[in-house]
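Asks: Could you look at this predicted model? Sequence included:
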Number of protein chains: 2
Amino acid sequence: MDNRDSVQRRVTINDIAEATGFAASTVSRALSRPGRVNAATRDRIVAVARELSYVPNTHARALTSGRTETVAVLVSDVTNPFYFGLIRGTQHQLKAAGYAHLLIDTENSGELESHVLSKMRQSIDGAILATSRLSRRLLAELATELPLVAVNRMVRGVESVVLDSPSGVAQAAEHLISLGHSEIVYMSGPENSWANEARWRSLIAAGARHGLPVRRLGPFPAGRMSGSAAADALINTRATACIAFNDLLAIGMLTRLRERGLGVPGEISVVGCDDMFGADFCHPTLTTLAAPIEQAGRVAVSMLLARLNDSAPATRQSAVLPTHLIVRESTGPAPR
Amino acid sequence: MDNRDSVQRRVTINDIAEATGFAASTVSRALSRPGRVNAATRDRIVAVARELSYVPNTHARALTSGRTETVAVLVSDVTNPFYFGLIRGTQHQLKAAGYAHLLIDTENSGELESHVLSKMRQSIDGAILATSRLSRRLLAELATELPLVAVNRMVRGVESVVLDSPSGVAQAAEHLISLGHSEIVYMSGPENSWANEARWRSLIAAGARHGLPVRRLGPFPAGRMSGSAAADALINTRATACIAFNDLLAIGMLTRLRERGLGVPGEISVVGCDDMFGADFCHPTLTTLAAPIEQAGRVAVSMLLARLNDSAPATRQSAVLPTHLIVRESTGPAPR
DNA sequence: TCACGGCAGGCAAACGGTTGCCATCCCTGC
DNA sequence: GCAGGGATGGCAACCGTTTGCCTGCCGTGA
C-alpha cells in the first residue's frame, strides 16, 4: 500500500513540509540553499527527504529558476568515431557534476545547429559545440544569449577549447621531410570546417619554413567513402606523402591505395589526424596526430560549468590542448 | 528594440493570447489539440505564433501534462563502437518525431542503471535500454513504472527488440565446420550479458546438431585489451577456430595472435560479432555477424513512441531482427 | 530601557502551460 | 416552439518549486 502510493504519486516538497511541520518554502531552502536555514532544521528536513526518497522535480525547478541542470552537446555526426572521446569526456564530467547530457547530432548542418540551439534555449543551461559549422557572426551572437563553449573552433567572444593541430601538423610535416619526401599534399576535409583550414594553413607555414612545396587536394567529405576519390587524386599527382584531414579519410585512402596496388609506406606515406578508434589496428596502422579529445571534452565542460556557477561573467578565454604525432606503419622513407 | 525584447523575454502563450484576443487556454488548445477549436481560429493563432516565433516551454508543459518529449537512451559504454549504430538509429528516429534524445552511459553497472532510471522518471517519457545489466525481476518491475524498450535483452513483460544472433551464430558455426574445423571455441563476454549467454547457448546447439565439440573460454571483459588474454587462452587450447563475443574482443585477439606469430586465418580462424566500425579495415579483415543495429535503434524508438502515443497499453511484444554472417579474411580452411 | 540589526521561517505570487468544467450559441429533429 | 446536443471558447485551478517580502524573535550596544 505504502509502496504503491510512492510509485503512483511522486513525493514532493509539500509532503516533506507536512511531515516535518515546516513550510514548503523552508523545505525548498533547506534543500537548495543550506546556509539560509537553521542547521538543526536543515538536518531534520534532509533526513525526512531521504527517508521519503524525495527527488526534486526538474521541470518545476526549471520553470522558476531557469536552471535545468542540462547541457547539450552538439556534434556534427554522432557516428564519427572522432567524437567518441569527446562524448565520453563530456558525459563523464557532466555526470560528476550532476548535470544531464543531451546529445544532439547536427548532421553537418549549420542551419540545423542554430535551429536546435534556439529551440532548446529554455531546456538547457548551456551547450558545447563540437566543430561548429556556424558562421563566426552567428556563433558570437548565440554566445551572448546562451553559455557556450566551442570545441575545435576559435571565435572571438566565444569560450573555446581547441586542439593545437597546427603544431601537430608541423610535427607531421617535419617527420615526412626527415623521411626524404619532397612534397607534401594536404587532403582537404569539408570547406566549412575551421579545423580543416587551420591544418592547411599550418602545413603551408611548415612548407615555407623548409622551402618545400605543399599542395592541397579536395575538399573531400570527411568520411571513409571519400577515401577512394582522395587516394585516386593523390596517385594522380605522383606525390609520395600526404596528410589527411582526418583518420577516417586516411583509412579510406589506405584501402583504396591497396586496391590500386600502391604500397604504403613503400610508395606513399599517409598521415592522419585525430588518432581515432581504429587508427591503431587498420592496415597498415596509421601514423597520425593524437589529440587529447576526451580531455578536451572534460575541459570544455569545466569551462562551461565554471561560467554557469560563478556569477562572474568569466573572462572569455580559450584553452589550447597539445597534440603530438604518433608514428606507426603508414609512413616511411620516400621511394627514390 | 523589438528585437531586444524578443531576446530578453521568451514569448509565451499569453503573448499570443493578447495578440489574437483569444484566451490563453484557447491558444493552448489550438496548438496542441487542433481539432478542439474552430479551424479559422486555429489558423489565426498558428499564424501569430509563428510570426512571434513562439516556442513552447518544455518544462511548463511537462509540469502539468507529464509529457516531456524526451526519451533516454541507456548504453553500457558510449565508447563501444557497437553502440554507434544504435545511437544513430535512435537519434534519427527521435528527432524525426520531435523528441529529445538523452544519452546516458551506465558504465556497465546495473546499479547505476536503475538509479538513473528512477531519478529520471519525471524528466523522461520513456527509455531505451541497450544491453541492460538489470536483473530480470528489476527490469520487469521498472517496465511497469515507465515505458521501456529493451534492446538485445529479452524479458517477459518488457517490450524488446533483439538481434537474432543465435541464428547468426549457427551460420558462423556452419561456416567454420564447412571449412573443416573440428572444434569451435566460444570466447565469452561479460557474464551478466544476456546476448553473451544467448550466443553461447546457440553455439552449444549448433555443435550438438553437427556432433562437434564446443568449448567456452572466459569470461573476458568486452574490450579490445582483453583480446590478448583471450588469444593466449585460445592458443593454449590448440583449437583452430573461435567465435568471439564481439568484434572488439575479436580485433584485440587478432592483434595478439599476430604478435605471437600465429597466422590468421592460416592457423586460426576468428569470427566476431556485430560487424562494428573497424571490422572491415582491421587486419586481417574480420569475418563477423552483421547485425542491423541501427535499424534496431529505429525499431526500438518506434515501439516506444507507439506506446507513448496510443492510449492502448500495447500488446507487449518483441521484434527480432535477422543477423547474417559476413565472411571476410579472418576465416579460412582448417590447417591439417 | 530602547532601537537596531540579523536570523529563521512563513506567505503568496510567480513560472508557462494544460485541462476539467461551464457558458454560449446554433443547429437539428420532433 | 422547444428540448437536446455538438461545437467553440473562457475561467480558473493546478503541476512543484523558487524567491521576494514580511514578521517575529533574540541579542547587543548605547
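Replies: Now that the structure is in, tell me what you want to look at.

Asks: Quick check: residue A:27 vs residue A:13, distance?
Replies: Counting by Cβ to Cβ, to the nearest Å, the separation of residue A:27 from residue A:13 is 5 Å. C-betas here are computed from N, CA, C, even on glycine.

Asks: between the two, who's got more neighbours?
Replies: Each of residue A:27 and residue A:13 had its neighbours counted (other Cβ atoms under 10 Å in any protein chain shown), and the higher figure belongs to residue A:27 (27 against 21).

Asks: so how far is chain B from the nearest residue to residue A:157 once chain neighbours are set aside?
Replies: Once its chain neighbours are removed from consideration, residue A:157 has its nearest residue in residue A:140; the separation is 4.6 Å (Cβ to Cβ, 6 or more residues apart in numbering or on different chains). The gap separating residue A:140 from chain B is 14 Å, by Cβ to the nearest Cβ, to the nearest Å.

Asks: list the contacts for residue A:140?
Replies: A:155, A:156, A:157, A:158 (Cβ atoms under 8 Å, 6 or more residues apart in numbering or on different chains).

Asks: Show me what from chain A comes close to DNA strand D.
Replies: Residues of chain A lying near DNA strand D by Cβ under 7 Å from any atom of the strand: A:9-10, A:12-14, A:24-25, A:28-29, A:31-33, A:54, A:56-57, A:60-61, A:63-65.

Asks: ok so, going back, sec struct for the residue nearest to residue A:157, please.
Replies: Per DSSP: H, G, I helix; E, B strand; the rest coil, the local secondary structure of residue A:140 is helix.

Asks: now do residue A:273
Replies: Using three-state DSSP, the secondary structure recorded for residue A:273 is strand.

Asks: Low-confidence stretches in the stretch 1-150 of chain A?
Replies: Residues of the stretch 1-150 of chain A that meet the criterion pLDDT under 70 lie in A:1-9.

Asks: Swap in 50 and give it another go.
Replies: Judged by pLDDT under 50, the stretch 1-150 of chain A has its weakly predicted residues at A:1-7.

Asks: can you give me the strands in it?
Replies: Across the stretch 1-150 of chain A, reading from the start of the chain, the strands by DSSP state E, counting those that start in this stretch fall at A:70-75, A:100-105, A:126-130, A:148-151.

Asks: so does the second one get close to chain B?
Replies: Looking back up the chat, that one is strand A:100-105. Yes - when contact is scored as Cβ under 8 Å from any Cβ of the partner chain, part of strand A:100-105 falls within range of chain B: A:100, A:101, A:102, A:103, A:104, A:105.

Asks: Just give the nearest non-adjacent residue to residue A:159, would you?
Replies: For residue A:159, the nearest residue in space outside its immediate sequence neighbours is residue A:149; the separation is 4.9 Å by Cβ to Cβ, 6+ apart.

Asks: how close does that neighbour get to residue A:303?
Replies: According to Cβ to Cβ, residue A:149 and residue A:303 sit 5 Å apart.

Asks: ok, now residue A:218?
Replies: For residue A:218, the distance to residue A:303 equals 32 Å [Cβ to Cβ].

Asks: Kindly report the same for residue A:49.
Replies: The gap separating residue A:49 from residue A:303 is 32 Å, by Cβ to Cβ.

Asks: now stretch A:68-88, how far from the centre of its chain.
Replies: Taking Cα atoms, centre = their mean, to the nearest Å, one finds stretch A:68-88 lying 6 Å from the centre of the chain it belongs to.
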